[in-house]
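Student: Need a 3D model of the following:
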Amino acid sequence: MNRKYFGNKNITTTIFTAIVVILLLYFAYYSRRFESQWLSDNILSIFITLFFYFIHKKIEVTKVLYPFALLIIIFHNLGTFGFYSKPFFGMEWDFVTHLYSGIILSLITYHYFNKKLSIKTLAKIILTVFVVMGFVALTEIIEVLGTFIYGPGEGFLHYGCGDLDLFDTQTDLMYDFLGIFVGLGIYYLSFFIQKIIN
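Tutor: Below is the predicted model of the structure:
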């Protein structure tokens, strides 16, 4: 057994990864029986989860942020059970997933830049905004291309529940953008609280 990945130092990340993979296998089983349009999302998400597990240290994802990052995948794939067609405390599930993604991706990205780059805070913030928005814009482009190829339906490569109208891409990017600044606020608030406690 390779201790680099499965030793005691990584036991929590290994457990979280195993839980998410098991959940996604169940999601895939469920989608195969009842909601086939989500099958490709669930299978692809298993590979994304495993890929993330093997690269998380290289991109400086902390043990605290790791499970929150995995929740991005779970939140998206809850569409298997019709979450995108149900309100969540009066909000669209699409809003929740994009806002949450923006928060977590900004925390991961800013933390990485904080560890790796010796530049001014404002420069790190601007760079974080550009990197995260570039990443989420790429996912939106893939979603639009999938819609052109596969047409209406459910899942990442279709236009369906959660895609509110023709301006869905702009709306999703706006939610992600808002999430970035919430995430950056959380990052600095955590430092402020830590200073008070210490």
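
Student: for the protein, what spans make up the helices?
Tutor: With DSSP state H as the criterion, the chain has helices at 3-6, 11-33, 39-55, 65-77, 93-116, 121-150, 168-197.

Student: Save these as CSV, and put in mean neighbour count, mean pLDDT and distance to residue 83 too.
Tutor: Using the backbone N, CA and C atoms, a C-beta is placed for each residue, glycine as well. CSV is the format used below for those (neighbours: other Cβ atoms under 10 Å; pLDDT from 0 to 100; distance: least, Cβ to Cβ, whole Å):
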stretch, mean neighbour count, mean pLDDT, distance to residue 83
helix 3-6, 11, 42, 32
helix 11-33, 16, 94, 11
helix 39-55, 17, 94, 12
helix 65-77, 19, 96, 8
helix 93-116, 21, 95, 5
helix 121-150, 15, 87, 17
helix 168-197, 15, 87, 15
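
Student: In CSV, list those along with distance to residue 84.
Tutor: What follows is the helices of the chain, written out as CSV (distance: least, Cβ to Cβ, whole Å):
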stretch, distance to residue 84
helix 3-6, 34
helix 11-33, 14
helix 39-55, 11
helix 65-77, 9
helix 93-116, 5
helix 121-150, 13
helix 168-197, 11
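
Student: For the residue nearest in space to the middle of the chain, which non-adjacent residue is spatially closest?
Tutor: For the chain, residue 72 is the residue whose C-alpha lies nearest the centre (Cα atoms, centre = their mean; 3.3 Å). Leaving out its chain neighbours, the residue that sits closest to residue 72 by Cβ to Cβ, 6 or more residues apart in numbering is residue 101, at 5.1 Å.

Student: Check residue 24 too.
Tutor: residue 46 (4.8 Å).

Student: next one: residue 28
Tutor: residue 42 (3.9 Å).

Student: ok, that neighbour touching residue 23?
Tutor: No. Judged on Cβ atoms under 8 Å, residue 42 makes no contact with residue 23 at a distance of 9.4 Å.

Student: Which residue ranges make up each domain of this protein?
Tutor: 1-58, 82-197 (automatic domain parsing).
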